[in-house]
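[1] model this:
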Amino acid sequence: MNESGLVASFRLDGEGGGLAMDWAGIERWTPADGVLWVHLNRASDDAQQWLHERSGLSEVVVEALLAENTRPRCVQMDDGVMLFLRGINHNPGADPEDMVSIRMWIQRERVITVRMRRLMSVDDLRQALDERSGPQTVGELVAQLSGNLVARMAAVIVNIDDEIDGMQELVLDAGDAQLRNDLRDVRRRIIALRRYLAPQRDALNRLTQIKTNWLDELDVMHLREEADRVTRYAEDLDAARERAAVTQEELGNRLSDQLNRRMYVLSVVAAVFLPLGFLTGLFGINVGGIPLSDNPIGFGIIVGVLILVTLLQVVIFRWRKWF
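    Sure thing, here's the model as predicted:
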């Protein structure tokens, strides 16, 4: 993390590259120098102080950029536009569905972005500028950054689909109680991702409808395409959620059937041994008058009777189609 709060800053050269800037360069910058992009770390006191005291932004805009929690949205204010988006969390040890917010203040000659945690999509944009294949205008910068955010969602959503496919195969093959926890986890992740996709789509669509002097027709077309991709991803997540629910229901049915079959077997065994237990208990009481007590082959006769009773029960169960 950059302790100064300035994660990165570039002055676009209009040819796909950019000149890296420090705090001093930012202070010296004027609109006549070209488009300025400033990327800040919200957690830094230096960044917050610069936004409040030297950025020239209204307090309403600054407070929105520094808000603790945000949802994707697009709002036109004063001479600029606030655009808040979310990106997949690719930080080590983090859950991808714990989406990271990026807050943008966009003007004709300047873009200020604020993040709480690192975003790989921003790193992609910085690398493109270093390789002189980055944006040339404010509109291209916003469109490219939005595109990077959306593009990195694809792998996570495909991975969720693959996970559900694997779980469906496991359910069809055998079914495992552990799958219930896995399915519950997948559904939780889908809900977390889906929570931000719909407002993100609306924010991008809203941006294309705002009349600005820094978005040309090509930029608007790119933003509409990204909004359409977000819509498709939201639909894919909805479909994945339904598949997960159906799979979980099928798994529940499978486990219920297994339990019912086991209970049925136990019931049949209990039914078979119930009369046997009654007879052996009856002949085992230590009182006078027990039949065959003095007969040397009495034990064999009793065993034979028990076998006949068992066979009779089996015949009755078969006739009644109980098994």
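[2] Assign a three-state SS to residue 63, would you?
    Residue 63 falls in the helix class when you classify it by DSSP: H, G, I helix; E, B strand; the rest coil.
[3] Distance of it relative to residue 41?
    Taking Cβ to Cβ, to the nearest Å as the criterion, residue 63 is separated from residue 41 by 17 Å. Every residue, glycine included, has its C-beta placed from N, CA and C.
[4] higher neighbour count, those two?
    Between residue 63 and residue 41, residue 41 has the larger neighbour count (other Cβ atoms under 10 Å), namely 21 against 12.
[5] Phi first, then psi, for the more buried one.
    phi -100, psi 110 (degrees, to the nearest 10).
[6] wait, it sits on residue 118?
    No: counting by Cβ atoms under 8 Å, residue 41 stays clear of residue 118, with 9.0 Å between them.
[7] What is the neighbour count of the nearest residue to residue 152 once chain neighbours are set aside?
    Once flanking residues are discounted, residue 152 sits nearest to residue 88: 4.9 Å by Cβ to Cβ, 6 or more residues apart in numbering. By other Cβ under 10 Å, the residues close to residue 88 number 25.
[8] Let me see the confidence value for residue 88.
    The model reports residue 88 with a pLDDT of 85.
[9] So it sits against residue 151, correct?
    No: when contacts are counted by Cβ under 8 Å, residue 88 is not listed as touching residue 151 (9.6 Å).
[10] Where is the longest helix in this structure?
    Ordering each helix of the chain by length in residues (DSSP state H) puts helix 217-283 first.
[11] Check which helices and strands that one sits against.
    Applying 3 or more Cβ pairs under 8 Å, 6 or more residues apart in numbering; DSSP states H and E, one finds that helix 217-283 contacts helix 138-151, helix 153-173, helix 178-209, helix 298-319.
[12] got the phi/psi numbers for residue 40?
    Dihedral angles of residue 40 (phi, psi; degrees, to the nearest 10) stand at phi -120, psi 160.
[13] ok, now how distant is the spatially most central residue of the chain from residue 298?
    The centroid of the chain falls nearest to residue 189 when counting by Cα atoms, centre = their mean (2.7 Å). Look at residue 189 and residue 298: by Cβ to Cβ, they are 70 Å apart.
[14] Same check on residue 129?
    To residue 298, residue 129 is 101 Å away according to Cβ to Cβ.
[15] repeat for residue 83
    Distance from residue 83 to residue 298, by Cβ to Cβ: 95 Å.
[16] One more: residue 201?
    Between residue 201 and residue 298 the distance is 86 Å, computed by Cβ to Cβ.
[17] now swap in residue 5 and tell me
    Where residue 298 is concerned, residue 5 sits at a distance of 98 Å (Cβ to Cβ).
[18] try residue 192
    Distance, residue 192 to residue 298, using Cβ to Cβ: 74 Å.
[19] Without its sequence neighbours, what residue ends up closest to residue 78?
    Counting by Cβ to Cβ, 6+ apart, the residue nearest residue 78 is residue 58, at 6.4 Å.
[20] so that neighbour touches residue 79, yeah?
    No: look at residue 58 against residue 79 with Cβ under 8 Å: they stay out of range, at 10.2 Å.
[21] okay, these two: which has more neighbours?
    Counting neighbours by other Cβ under 10 Å for residue 58 and for residue 79 shows that residue 58 has the greater number, 12 against 9.
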